[in-house]
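Chemist: sequence and predicted model, in that order:
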Amino acid sequence: MTRPIGPTSKGAPGRVRLHALAEGGELTTFEGDAVAGHLPGLLADPAVAVWVDMSEPSPAQVEAIGAALGLHALIIEDVLEGNQRAKIESTDGVVHIVLFALERTAVSGVASFQTAELDIVLGLGFLLTVHDRSWDPFASHHLRGGVGPILGSGPDHLLWAISDDIVDGYFPFLDEIGEAIDTVQDEVIQKATPDTLERLFGLKRQLILIRRAASPTREVFNQLTNREMTLIDADEVVYLRDVYDHVIRLTDELDNFRELAAATLDVYLTQVNNDLSRIMKRLTGVTVLVAGVGALAGIFGMSEAHVELGSFWLVTAGIVAISVAAAVVLRRIDWI
């Protein structure tokens, strides 16, 4: 499940923060609607690195910040619309990137997760991030030490710090799914139940959700590391390539887990068919015994068949002996 930004706020103002780092290392922070008014002066100084972070903003706030940054109308529209796919687009000298962060949630008491959309706009001297309130960029391990050290290396380095934390955040969820698949496989081998099938389908849905969010990210970082972009310093490409390597490993593990889930489903269906065949064999074995005894008893119990008392016990003993012999044979071939 993806929660869109912008429309969820229904016009209510969100949180807007501006961090500006001058060449001397002095960090200035502004917050609120006054941020848009400070941007033109800050962007006019090429020695200042600017980061604008918007948490679940209203459409008016996005349009005001977009106008102050000189963003194309299509970029502003995409940010307001939300529900995008992971992508990268270059428009009017800026780069618009959409990524998805995973966050934990609970559905009917069962631990699960959903995706939160993050719009990133990299321009000359600035980085803009737009997201909902569930995701906090300052919780990332790169920014826990403060914004200054990261922003001091430029907005492109801040782009790496944020994207690296998002991609690394996929792996704990992927590890949990891997362990859950192992558990389901053990349950399928021991005894296949409808509850096991339900958990297996739940895991497949989660894998599809992660793949939908992560797979397009591979192309995003492929372009960031292989295309010549003036907004990204050559020294930063090395950092972005490291994120690209993580994305490749992530998508490979996703493919492996999808194959494991599909194979587990095949094993489950095979187990169900085997159980059905086993039940049918046992029912057939019981039918052979009951039908055989009934046929012999019916023949010798007909009113037309007059037998003496001794012959009656002889026939009865014969029926019992044949039934026991049939039961022994059926047991040896595992039919009962």
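Modeler: Everything's here; your move.
Chemist: longest helix in the protein, please.
Modeler: helix 234-300 (DSSP state H).
Chemist: how far out from the middle of the chain is the helix or strand following that one?
Modeler: Following helix 234-300 in sequence order, the next helix or strand is helix 309-332 (DSSP states H and E). The chain centre lies 63 Å from the centre of helix 309-332; the measure is Cα atoms, centre = their mean, to the nearest Å.
Chemist: what helices and strands are in contact with helix 309-332?
Modeler: helix 234-300 (3 or more Cβ pairs under 8 Å, 6 or more residues apart in numbering; DSSP states H and E). Where you see a C-beta, it was placed from the backbone N, CA and C, and this is true even at glycine.
Chemist: list the helices and strands the helix it packs on packs on?
Modeler: helix 155-168, helix 170-190, helix 194-226, helix 309-332.
Chemist: the inter-axis angle of the second one versus helix 194-226?
Modeler: Which is helix 170-190. 150 degrees (axes from the mean of the first three to the mean of the last three Cα atoms, to 10 degrees).
Chemist: what does helix 170-190 rub up against?
Modeler: With contact meaning Cβ atoms under 8 Å, 6 or more residues apart in numbering, helix 170-190 is reached by 102, 113, 193, 196, 199-200, 203, 206-207, 210, 214, 246, 250, 253-254, 257, 260-261, 264, 267-268, 271.
Chemist: for PyMOL, write a command that selects the buried ones of the residues you listed.
Modeler: To isolate the buried members of the contacts of helix 170-190 in PyMOL, using 16 or more other Cβ atoms under 10 Å:
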select buried, resi 102+113+196+199+200+203+206+207+210+214+246+250+253+254+257+260+261+264+267+268+271
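Chemist: look up how far R199 lies from F257.
Modeler: 14 Å (Cβ to Cβ, to the nearest Å).
Chemist: could you do D242 as well?
Modeler: Distance from D242 to R199, by Cβ to Cβ: 35 Å.
Chemist: and for L80?
Modeler: 38 Å.
Chemist: before we move on, back to that, would you list the helices and strands packed on helix 234-300 in a markdown table and tack on mean pLDDT and distance to M54?
Modeler: Below are the helices and strands packed on helix 234-300 laid out as a markdown table (pLDDT from 0 to 100; distance: least, Cβ to Cβ, whole Å):
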| stretch | mean pLDDT | distance to M54 |
| --- | --- | --- |
| helix 155-168 | 94 | 13 |
| helix 170-190 | 87 | 24 |
| helix 194-226 | 87 | 20 |
| helix 309-332 | 71 | 74 |
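Chemist: could those helices go into CSV alongside distance to F126?
Modeler: Formatted as CSV, the helices and strands packed on helix 234-300 follow (distance: least, Cβ to Cβ, whole Å):
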stretch, distance to F126
helix 155-168, 6
helix 170-190, 27
helix 194-226, 17
helix 309-332, 81
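Chemist: circling back: gap between the longest helix of the chain and the chain center?
Modeler: With Cα atoms, centre = their mean, you get 22 Å for helix 234-300.
Chemist: need the winner for burial among the helices and strands packed on helix 234-300.
Modeler: helix 155-168 (a mean of 22; mean count of other Cβ atoms under 10 Å).
Chemist: outside of that one, which residues touch it?
Modeler: So helix 155-168 is in contact with 49-51, 97, 99-101, 118, 120, 122-123, 125-127, 129, 137, 140-143, 150-151, 217, 221, 231-233, 236, 239-240, 242-243, 246-247, 250, going by Cβ under 8 Å, 6+ apart.
Chemist: next, the angle from that helix to helix 234-300.
Modeler: 10 degrees.
Chemist: relative to the whole chain's centre, how far out is helix 155-168?
Modeler: 20 Å.
Chemist: and the spatially most central residue of the chain, how close does it get to A86?
Modeler: Residue closest to the mean C-alpha point of the chain, counted by Cα atoms, centre = their mean, is I210 at 2.7 Å. Distance, I210 to A86, by Cβ to Cβ: 12 Å.
Chemist: what's the answer for V147, then?
Modeler: Taking Cβ to Cβ, one finds V147 at 25 Å from A86.
Chemist: now swap in R104 and tell me
Modeler: 20 Å.
Chemist: what about A20, which SS state?
Modeler: strand (DSSP: H, G, I helix; E, B strand; the rest coil).
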